[in-house]
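Engineer: Curious how this folds, go ahead:
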Amino acid sequence: MAVTTAKPITRKPPRIRFKPDIFLRKMALTLFTLLIAFLFLLPFFNMVLTSLSTTAQMMEPGAPLYPALPATFEYDGKELDVYEVSMPDGSMRDLAIVKKGRQETTFIDPQDVDGGEIVWEGAWRTLERPWSVSPAWSNYAEAWDGIDFPIVFRNTLLIALIGVIGTVVSSTLVAYGFARFRFPGRNLFFTILLATVFLPFAVTIVPTYAFFAAIGWVGSWLPLTIPHFFSNAYNVFLLRQYFMTIPVDLDEAAGIDGAGPIRILWSILLPQCKPVLLAVALFHLVFAWNDYFGPLIYLSAKFELQPIAVALPRFNNLYGSNPPLIQAASLMAMIVPVILFFLAQKAFIQGVVITGVDK
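Structural biologist: Numbering: from 1, shown residues only. As a prediction, this is how the structure comes out:
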């Protein structure tokens, strides 16, 4: 009896057909997205370039946009400016100017000093100067010392971290109460809480300051940190909506096993709420880092306690005639929030997008 072995059937991979219309649409969309991103980041690129430039470059007509220094040449103990000069034969040469004149200008060739002086007829002001790339990294060191960056950075970081802890803890507890507990007037209290979002900040400035002054908190960090331990309507709303997307069956199952409300919050809800907790923390961190009016009111006479948002305008008033230093100090002030946002971008966006969406 003959035994036949079945040969395995080999299937050819599906042929991918090139579709020019789909490719062109995707390419156009990609280019358009890159253009929008470039336009959005253009002010940031300008800040970086300005921070690495010098004041002399910014005041020099015809200076390039990138950080650069004009070419110079040292001759007989003097530093001479170098210009691009058109020679009679049509060639361009970089010559150092020795004597300026309205009709005639005397130059010397840095490549051939022994060749003597060259008299050129024409207005030297019409000539262009050659520039070489030269980032002024010293601007950051000068701004670091001028703004006393380690002190203001420490103050800003401590105020922001204390506020983040208070905001996350208090908002989580309040949101947990509104999302999981049923009590008389719950919806009414939640509506009143949300209504505080529409209350203008200017309305509460005077009574809040009078209260903090009466209890002796003015001139310290207490008015900037302690109020955040009493939750925030916007953060409570985000957390409550996220809690409501988690099935209540998990709470009931944990309750059958003997878990109390705090254990359910700690072991069941919080592990699933990391994205929204991170979003709330980043929201408050950026707010505290950029808060200017609050520290200006309560720490106006305490320079050693002021955060970077208040110290930076004071630095700008002192160095207003030096834009590179101002831009360098501004970049150092924003570097921490930018780095934190990019590191936590995925979880941050997930926490905001999924809030209010039923699973």
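Engineer: Tell me how many other residues surround Ala136.
Structural biologist: Using other Cβ atoms under 10 Å, the number of residues around Ala136 comes to 21. C-beta here means a position set from N, CA and C on the backbone, and glycine is covered the same way.
Engineer: what about Ala96, which helix or strand?
Structural biologist: Using DSSP states H and E, Ala96 sits within strand 92-99.
Engineer: Tell me the pLDDT of the nearest residue to Pro130 once chain neighbours are set aside.
Structural biologist: Once flanking residues are discounted, Pro130 sits nearest to Ala71: 4.6 Å by Cβ to Cβ, 6 or more residues apart in numbering. For Ala71, the pLDDT comes out at 84.
Engineer: Tell me who's in contact with Ala71.
Structural biologist: 81-82, 94, 129-132 (Cβ atoms under 8 Å, 6 or more residues apart in numbering).
Engineer: what do you get if the cut-off is 10 Å, keeping everything else the same?
Structural biologist: For Ala71, the contacting residues are 80-84, 94, 96, 110, 129-132, by Cβ atoms under 10 Å, 6 or more residues apart in numbering.
Engineer: Leu194 now?
Structural biologist: Applying Cβ under 10 Å, 6+ apart, the residues near Leu194 are 233-234, 236-237.
Engineer: try it again with 7 Å
Structural biologist: Contact analysis of Leu194 by Cβ atoms under 7 Å, 6 or more residues apart in numbering lists 233, 237.
Engineer: List the buried residues of whatever helix or strand it lives in.
Structural biologist: Here Leu194, judged by DSSP H and E, is contained in helix 186-195. For helix 186-195, a neighbour-count test (16 or more other Cβ atoms under 10 Å) marks 190, 193 as buried.
Engineer: mind saving the C-alpha coords of it as PDB?
Structural biologist: C-alpha atoms of helix 186-195 as PDB (Å, rounded to 0.1, in the frame of the first residue of the first chain):
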ATOM      1  CA  ARG A 186     -24.800  65.400  47.100                       C
ATOM      2  CA  ASN A 187     -25.700  66.800  43.700                       C
ATOM      3  CA  LEU A 188     -26.500  70.300  45.200                       C
ATOM      4  CA  PHE A 189     -23.100  70.400  47.000                       C
ATOM      5  CA  PHE A 190     -21.300  69.200  43.800                       C
ATOM      6  CA  THR A 191     -23.100  71.900  41.800                       C
ATOM      7  CA  ILE A 192     -22.000  74.600  44.300                       C
ATOM      8  CA  LEU A 193     -18.500  73.300  44.200                       C
ATOM      9  CA  LEU A 194     -18.400  73.600  40.400                       C
ATOM     10  CA  ALA A 195     -19.900  77.000  40.600                       C
END
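Engineer: quick one: average confidence on that helix?
Structural biologist: Predicted confidence along helix 186-195 averages 89 (mean pLDDT).
Engineer: Run through who's touching the helix or strand just after that helix.
Structural biologist: Next helix or strand after helix 186-195 toward the C-terminus (DSSP H and E): helix 201-214. Helix 201-214 is contacted by residues 218, 223, 297-298 when judged by Cβ under 7 Å, 6+ apart.
Engineer: For helix 201-214, what is the distance to the chain centroid?
Structural biologist: 30 Å (Cα atoms, centre = their mean, to the nearest Å).
Engineer: circling back to that earlier point, for PyMOL, what selects the buried ones among the contacts of Ala71?
Structural biologist: To isolate the buried members of the contacts of Ala71 in PyMOL, using 16+ other Cβ under 10 Å:
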select buried, resi 80+81+82+83+94+96+110+129+131
